[in-house]
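Student: Give me a model of this one.
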Amino acid sequence: MYGGAVWLTEMDHLAVPFYQSYTDATRQKSLAADLLIGLGETLGLGERHATAAEVEQALDHHAVPRDSYKWYTDMRTEKPMKTSGWGMGTERYLCWLLNHNDVRDMHVIPRFKRKKYLP
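Tutor: Residues are numbered from 1 along each chain as shown. Predicted coordinates for the structure are as follows:
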């Protein structure tokens, strides 16, 4: 549609995982970005909440039970720290690189039901 790569930034916060930081006090947008090439999100990046209070506020905002992420909140209580993370959609990248239109053909590790594999 755009003839190339597109950076999508500051998405609505409720459209991203709770652990992404807010851009500001309005808590509407996230400090995150996705690189869209080919079939969609190929690279995703984002800054994380630094404190336990920020994490709890985001869990409530996203209606995620706090008990499920007690370990994460405890980690931020023990050592508040501003961090970030990123992930790459390897199969989507390969589709773009090879000009292929079906991500299901690009599995790096095949998946079979009821079978366990180690990479």
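Student: What segments of this protein are helices?
Tutor: In the chain, the segments counted as helices under DSSP state H are 52-61, 70-78, 90-97.
Student: got the angle for the longest one vs helix 70-78?
Tutor: Pointing back at helix 52-61 there. 150 degrees (axes from the mean of the first three to the mean of the last three C-alpha atoms, to 10 degrees).
Student: Nearest to residue 116 among the helices of the chain would be which one?
Tutor: helix 90-97 (20.4 Å; C-beta to C-beta). Every C-beta, even on glycine, is put in place using the N, C-alpha and C of the backbone.
Student: got the contact list for the closest one?
Tutor: The contact list for helix 90-97 (C-beta atoms under 8 Å, 6 or more residues apart in numbering) reads 37-42, 100-103, 105-108.
Student: Closest to residue 29 out of the residues you listed?
Tutor: So of these, ranked by how close each gets to residue 29 (C-beta to C-beta), first place is residue 41, at 17.3 Å.
Student: what number of residues lie near the closest one?
Tutor: 15 (other C-beta atoms under 10 Å).
Student: and the gap between the closest residue to it other than its chain neighbours and residue 73?
Tutor: Distance criterion C-beta to C-beta, 6 or more residues apart in numbering; nearest residue to residue 41, sequence neighbours excluded, is residue 34 at 4.6 Å. When distance is defined by C-beta to C-beta, to the nearest Å, residue 34 is 26 Å away from residue 73.
Student: next one: residue 31
Tutor: 19 Å.
Student: residues in contact with residue 88?
Tutor: Here residue 88 is in contact with 42-44 (criterion: C-beta under 8 Å, 6+ apart).
Student: Next, the buried residues of stretch 34-53.
Tutor: 34-39, 42-49, 52 (16 or more other C-beta atoms under 10 Å).
Student: just stretch 10-21 next, same as before
Tutor: 11, 13, 16, 18-21.
Student: Contacts only, for the residue positioned nearest the centre of the chain.
Tutor: Centroid-nearest residue in the chain, with C-alpha atoms, centre = their mean: residue 44, separated by 5.6 Å. Residues in contact with residue 44 (C-beta under 8 Å, 6+ apart) are 32-35, 86-89.
Student: which of the residues you listed lies closest to residue 3?
Tutor: Using C-beta to C-beta, the contacts of residue 44 come closest to residue 3 at residue 35, 15.0 Å.
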